[in-house]
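S.K.: The amino acid sequence is not available; the structure is as follows:
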């Protein structure tokens, strides 16, 4: 009896009459069925994997959505809490806050603070910090603060005896006036060592400058202040004269010929007015040279230098663009001579 090995399944088959009778047909069918089942299972696993992936993505999305909703809920809760606390604080603030207007006489300048004496305010108000102020400012309340700001109401918001700076326009008015006040104080006290030229006048309007200058009762200064070019500012400067310090001012007027006329005027009416004329584009440069000349200590008689007609003096005066002076004889004659330079 002869056998042949099946190449498909490996079973032995009996050969009869040169043909083989397969004993593995059933096995072949089983193998084929197994292969088909394996294929089907393989496809099923891929499908299941896809479904699992989609399910996971859906779960993650739902988890993210829930987390976002939770965060939004917490944010809304926090916001509502803040609103409630703010409303409660505002109610408390409103019930314990009052508004009051005070004058410059109702407080005094202390060291880095404003002091509200109870005999003035009739209420207990704690001192409020204001860095940079000191008692010396009380010396110029009448000549500076009241003259410039007396028309402005100094309103204060007070909470439990404390002034609230951010809600008090009076505090802001005082604070904004301080920088120039110190320069004005130096100017009033002839403090040449502290300050020679004062540029903070540039922070004042023309009307405010005129109002300040009226205290000197100088009709020539009043005239110059009124005719000062609107776009420019009056510059106060301390003049050093032979060991003595005097107050003076520089006015600026743009002429009809588009030149810049710089007018140096002393507070003392006995001093002549000195004039400088230059191109507008050179105005700042000339102004700086004039200022440096006026505050120099090594030139003791500046007016004599300007009056001098020597070659060296003329060269110096040309550098300053000096054109002459006008004496204070009478106001009409003075105005007529001055208008010749700007008409």
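M.R.: On my side now, so go ahead. All values derive from a computational prediction rather than experimental measurement.

S.K.: Confirm for me that residue 283 is in contact with residue 252.
M.R.: Yes. Applying CB atoms under 8 Å, one finds residue 283 in contact with residue 252, separated by 7.3 Å. Glycine gets a C-beta too; all of them are placed from N, C-alpha and C.

S.K.: any common contacting residues for those two?
M.R.: Shared contacts of residue 283 and residue 252, defined by CB atoms under 8 Å, 6 or more residues apart in numbering, are found at 260, 262.

S.K.: Please identify which helix or strand holds residue 63.
M.R.: helix 25-95 (DSSP states H and E).

S.K.: likewise residue 98?
M.R.: strand 97-102.

S.K.: Show me the contact partners of that strand.
M.R.: So strand 97-102 is in contact with 116, 120-121, 123, 153-159, 164, 170, going by CB under 8 Å, 6+ apart.

S.K.: could you dump the residues you listed to JSON lines with pLDDT?
M.R.: What follows is the contacts of strand 97-102, written out as JSON lines (pLDDT from 0 to 100):
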{"residue": "116", "pLDDT": "92"}
{"residue": "120", "pLDDT": "83"}
{"residue": "121", "pLDDT": "82"}
{"residue": "123", "pLDDT": "84"}
{"residue": "153", "pLDDT": "80"}
{"residue": "154", "pLDDT": "89"}
{"residue": "155", "pLDDT": "92"}
{"residue": "156", "pLDDT": "92"}
{"residue": "157", "pLDDT": "90"}
{"residue": "158", "pLDDT": "90"}
{"residue": "159", "pLDDT": "86"}
{"residue": "164", "pLDDT": "89"}
{"residue": "170", "pLDDT": "89"}
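
S.K.: Now which of these would you call buried?
M.R.: Burial by neighbour count, 16 or more other CB atoms under 10 Å: within the contacts of strand 97-102 this picks out 116, 154, 155, 156, 157, 158, 170.

S.K.: Contacts for stretch 154-170 next, please.
M.R.: Under CB under 8 Å, 6+ apart, the answer for stretch 154-170 is 93, 96-104, 123-126, 128, 153, 171-174.

S.K.: Tell me where the stretch 201-343 of the chain has strands.
M.R.: 235-241, 244-254, 259-266, 273-279, 322-326 (DSSP state E, counting those that start in this stretch).

S.K.: Give the other helices and strands that the first one contacts.
M.R.: Okay, so that is strand 235-241. If contacts are counted by 3 or more CB pairs under 8 Å, 6 or more residues apart in numbering; DSSP states H and E, strand 235-241 sits against helix 169-188, strand 244-254, helix 283-295, helix 302-307.

S.K.: now the residue nearest to residue 338 when sequence neighbours are not counted: how far from residue 277?
M.R.: Of all residues beyond its chain neighbours, the one nearest residue 338 is residue 326 (6.1 Å), with distances taken as CB to CB, 6 or more residues apart in numbering. Residue 326 is 13 Å from residue 277, where distance means CB to CB, to the nearest Å.

S.K.: Repeat that for residue 69.
M.R.: Applying CB to CB to residue 69 and residue 277 gives a distance of 78 Å.

S.K.: Which one's more surrounded, the two?
M.R.: Between residue 69 and residue 277, counted using other CB atoms under 10 Å, the more crowded position is residue 277 (18 against 10).

S.K.: beta partners for the more buried one?
M.R.: residue 261 (DSSP bridges).

S.K.: still on that earlier bit, in JSON lines, list the contacts of strand 97-102 along with secondary structure and distance to residue 82.
M.R.: Compiled in JSON lines, the contacts of strand 97-102 are given as follows (DSSP: H, G, I helix; E, B strand; the rest coil; distance: CB to CB, whole Å):
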{"residue": "116", "secondary structure": "coil", "distance to residue 82": "34"}
{"residue": "120", "secondary structure": "helix", "distance to residue 82": "39"}
{"residue": "121", "secondary structure": "helix", "distance to residue 82": "35"}
{"residue": "123", "secondary structure": "coil", "distance to residue 82": "32"}
{"residue": "153", "secondary structure": "coil", "distance to residue 82": "34"}
{"residue": "154", "secondary structure": "strand", "distance to residue 82": "34"}
{"residue": "155", "secondary structure": "strand", "distance to residue 82": "29"}
{"residue": "156", "secondary structure": "strand", "distance to residue 82": "28"}
{"residue": "157", "secondary structure": "strand", "distance to residue 82": "23"}
{"residue": "158", "secondary structure": "strand", "distance to residue 82": "26"}
{"residue": "159", "secondary structure": "strand", "distance to residue 82": "20"}
{"residue": "164", "secondary structure": "coil", "distance to residue 82": "20"}
{"residue": "170", "secondary structure": "helix", "distance to residue 82": "30"}
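
S.K.: Closest one of those residues to residue 80?
M.R.: The closest of those to residue 80 turns out to be residue 159 (CB to CB; 25.4 Å).

S.K.: what's across from the closest one in the sheet?
M.R.: residue 97, residue 162.

S.K.: State the number of residues packed around residue 105.
M.R.: 10.

S.K.: is it fair to say it lies in a strand?
M.R.: No. Residue 105: not assigned to a strand; according to DSSP: H, G, I helix; E, B strand; the rest coil it is helix.

S.K.: How about the contacts made by the closest residue in space to it that isn't next to it in sequence?
M.R.: When the adjacent residues along the chain are set aside, residue 105 lies closest to residue 120, with 7.0 Å between them (CB to CB, 6+ apart). Residues in contact with residue 120 (CB under 8 Å, 6+ apart) are 102, 105, 106, 107.

S.K.: In CSV: the helices and strands packed on strand 235-241, plus distance to residue 331.
M.R.: Shown next, in CSV, are these (distance: least, CB to CB, whole Å):
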stretch, distance to residue 331
helix 169-188, 25
strand 244-254, 16
helix 283-295, 25
helix 302-307, 21
